[in-house]
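K.L.:
What shape does this take:
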Amino acid sequence: MPNEIKLTQEELGLMSIFQNVTSVSPRDCIIDPQASRIVFVVDKGQMGLAIGRNGQTIKNLERTISRPVELVEWSDDPAEFIANALGGRNIIDVKINTKADGEKVAVVQTSMRNKGAVLGKGGRNAERARMLAERYFGISHIHIVSQ
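P.N.:
Residues are numbered from 1 along each chain as shown. Have a look, this model is predicted:
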């Protein structure tokens, strides 16, 4: 099981701004300096409210904090959460396996046609999913395979 999550002062400040702009309380905030983005995790069913009509709420938030923002919908089920982090509509199946040494690995199945969309430009989506899966469920590797 992963360690407890500690938020920095900057992350707490960004969560406060997020709540003020979107009227949604985020579960978590991760600043990703390598991809120059901020990832917010929101409760199940809150995604539409956080995005706003035609994405206007998120655009306002991005203007306010001057950085790109990405949202992921929370789920207690690790497989569903990983699918959400990868943009669920192109995912066929997610299986969580435990190796003999106790390491957890997720195997994500997608079609050959949608594999690029699941991975994201330069692997951005895959890296976001790996980072979040490690943080919440102790899943260190995500393998994306196509049929």
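K.L.:
Show me this structure divided up by domain.
P.N.:
9-73, 78-146 (automatic domain parsing).
K.L.:
got the end-to-end distance for the shortest one?
P.N.:
The one in question is domain 9-73. Taking CA to CA, to the nearest Å, the first and last residues of domain 9-73 lie 23 Å apart.
K.L.:
Of all the residues in the strand or helix carrying residue 14, which ones are buried?
P.N.:
Assessed by DSSP states H and E, residue 14 sits inside helix 9-22. Using 16 or more other CB atoms under 10 Å as the burial criterion, the residues of helix 9-22 that qualify are 11, 14-15, 18, 21-22. For the C-beta atoms, the positions are set from N, CA and C on the backbone; glycine is no exception.
K.L.:
What residues does residue 112 make contact with?
P.N.:
By CB atoms under 8 Å, 6 or more residues apart in numbering, the contact list for residue 112 reads 146-147.
K.L.:
redo that, cut-off 10 Å
P.N.:
When contacts are counted by CB atoms under 10 Å, 6 or more residues apart in numbering, residue 112 touches 145-147.
K.L.:
List only those of these flagged as buried.
P.N.:
For the contacts of residue 112, buried by 16+ other CB under 10 Å: none.
K.L.:
Which of the residues you listed fall in strands?
P.N.:
Judged by DSSP state E, the subset of the contacts of residue 112 located in strands is 145-146.
K.L.:
of the contacts of residue 112, closest to residue 101?
P.N.:
residue 145 (21.4 Å; CB to CB).
K.L.:
close enough to count as contact, that closest one and residue 105?
P.N.:
No. Contact criterion CB atoms under 10 Å: residue 145 and residue 105 do not qualify, at 11.8 Å.
K.L.:
could you pull out the helices for the chain?
P.N.:
9-22, 47-51, 56-65, 78-85, 115-119, 124-137 (DSSP state H).
K.L.:
tell me the mean pLDDT for the fifth one?
P.N.:
For helix 115-119, the mean pLDDT works out to 90.
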